[in-house]
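Visitor: coords below, sequence missing:
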Ligand code: ASP
């Protein structure tokens, strides 16, 4: 049966034109699809355009608008393709993974490294392959289709600023590859959950990412307390936090958590994740109640998940439950 796909156009390089002041989104979703007439051979489609912005300016309230645009029309379509800038696509893909869970219908994000009107654009193939993937019966959940890869929405990371293969799938295999007009899956995807799709509509955006650097002043936690409810701290290595003298890091961090604020520990090493149990410089944080462990999740997904979980509850027990739930392949269970 011919599928019906909703395109949600939001801007990005794919829609950008040069007007002498730098690339900025100008083309509408309608105009973009006009460049790839082949998609009409794949399916029927409609277009909505909640915004037309560089994704540098995309923020949590916009994630909610995109999720709401999909929620309102969910029953009328077989799949969704969100056209989006690449710079913050990994955050939006993760956010949509938490705001729209268990979707038996695919929600695909794509964009391009060069504008649709550029003679050397990657936009045409990305748009075509995203529509192809959105039309496939075995596709579901939120994902990024880009440069011939299909990446779970919680595992995308923008790794390259210029090349066509801008995204990697972090700490998790690609869900599928797209080779020309063929989708190549490593195996059959797990059956869709029986619960059906679940939408959320609340986020708490007061989440800060703190990258530990040598000699960083632990007093930063006092500064952050005025503006943030949660800190995601990128520690050294597999999970090390310095203790130069007099226990000042421990005091600052334990005070933050004991005051009811959220602390998520992760690593600044790009791959393979956190294990606080390995070194003495991490073990005390493993044993202190209330500190959440990022495991092998990406920082982008940790930001979105923490915003989502804090949008649902402020109870620390419930928060931990939501945080450790595996959602759209976002983390491997801990040993
Ligand atoms: N600055 C652009 C954006 O994120 C980059 C891109 O789309 O590739 O909207």
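Guide: Looks like it arrived, so ask away. If you're wondering where the values come from, they're calculated on a predicted model, not measured in any experiment.
Visitor: Mind pulling the model confidence for residue 192?
Guide: pLDDT for residue 192: 65.
Visitor: try residue 51
Guide: Per-residue confidence (pLDDT) for residue 51: 98.
Visitor: Point out the residues in the stretch 101-250 of the chain that sit beside the ligand.
Guide: 111, 113 (CB under 6 Å from any ligand atom). For glycine as for every other residue, the C-beta is placed from the backbone atoms N, C-alpha and C.
Visitor: do that again at 8 Å, thanks
Guide: Contacts of the stretch 101-250 of the chain with the ligand, taken as CB under 8 Å from any ligand atom, map to 111-113, 166.
Visitor: Are any of these buried, and if so which?
Guide: With burial judged by 16 or more other CB atoms under 10 Å, the buried subset of those is 111-113, 166.
Visitor: Looking at these, which is nearest residue 265?
Guide: Nearest to residue 265 out of these is residue 166 (CB to CB; 28.1 Å).
Visitor: What's the nearest residue in the stretch 1-150 of the chain when you look at the ligand?
Guide: residue 85 (2.0 Å; CB to the nearest ligand atom).
Visitor: burial count for that residue?
Guide: The number of residues packed near residue 85 is 24, by other CB atoms under 10 Å.
Visitor: Next, it: secondary structure please.
Guide: Classification of residue 85 by DSSP: H, G, I helix; E, B strand; the rest coil places it in coil.
Visitor: Who are the contact partners of it?
Guide: By CB atoms under 8 Å, 6 or more residues apart in numbering, residue 85 lies in contact with 10-14, 25, 53-56, 58, 111.
Visitor: same deal with residue 212?
Guide: Going by CB under 8 Å, 6+ apart, residue 212 touches 233-236, 241-242, 268.
Visitor: hang on, the earlier thing: restricted to strands, list the residues of the stretch 101-250 of the chain next to the ligand.
Guide: Under the assignment DSSP state E, those contribute nothing to strands.
Visitor: which one of those is nearest residue 36?
Guide: Checking these against residue 36 by CB to CB gives residue 112 as the nearest, at 11.3 Å.
Visitor: Quick check: nearest residue in space to that closest one, chain neighbours excluded?
Guide: In space, and not counting its chain neighbours, residue 112 is closest to residue 123: 3.6 Å by CB to CB, 6 or more residues apart in numbering.
Visitor: State the distance from the one you found to residue 179.
Guide: According to CB to CB, to the nearest Å, residue 123 and residue 179 sit 18 Å apart.
Visitor: Which one's more surrounded, the two?
Guide: For the pair residue 123 and residue 179, the greater number of neighbours falls to residue 123 (26 against 10), based on other CB under 10 Å.
Visitor: quick one on the thing from earlier: can you list which of the contacts of residue 212 are found in strands?
Guide: 233-235.
Visitor: And those, which is closest to the ligand?
Guide: Once CB to the nearest ligand atom is applied, the member of the ones in strands among the contacts of residue 212 that ends up nearest the ligand is residue 234, at 22.3 Å.
Visitor: before we move on, back to that, tabulate the residues of the stretch 101-250 of the chain next to the ligand (JSON lines), appending pLDDT.
Guide: Below are these laid out as JSON lines (pLDDT from 0 to 100):
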{"residue": "111", "pLDDT": "98"}
{"residue": "112", "pLDDT": "98"}
{"residue": "113", "pLDDT": "98"}
{"residue": "166", "pLDDT": "98"}
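Visitor: Good, wrapping up.
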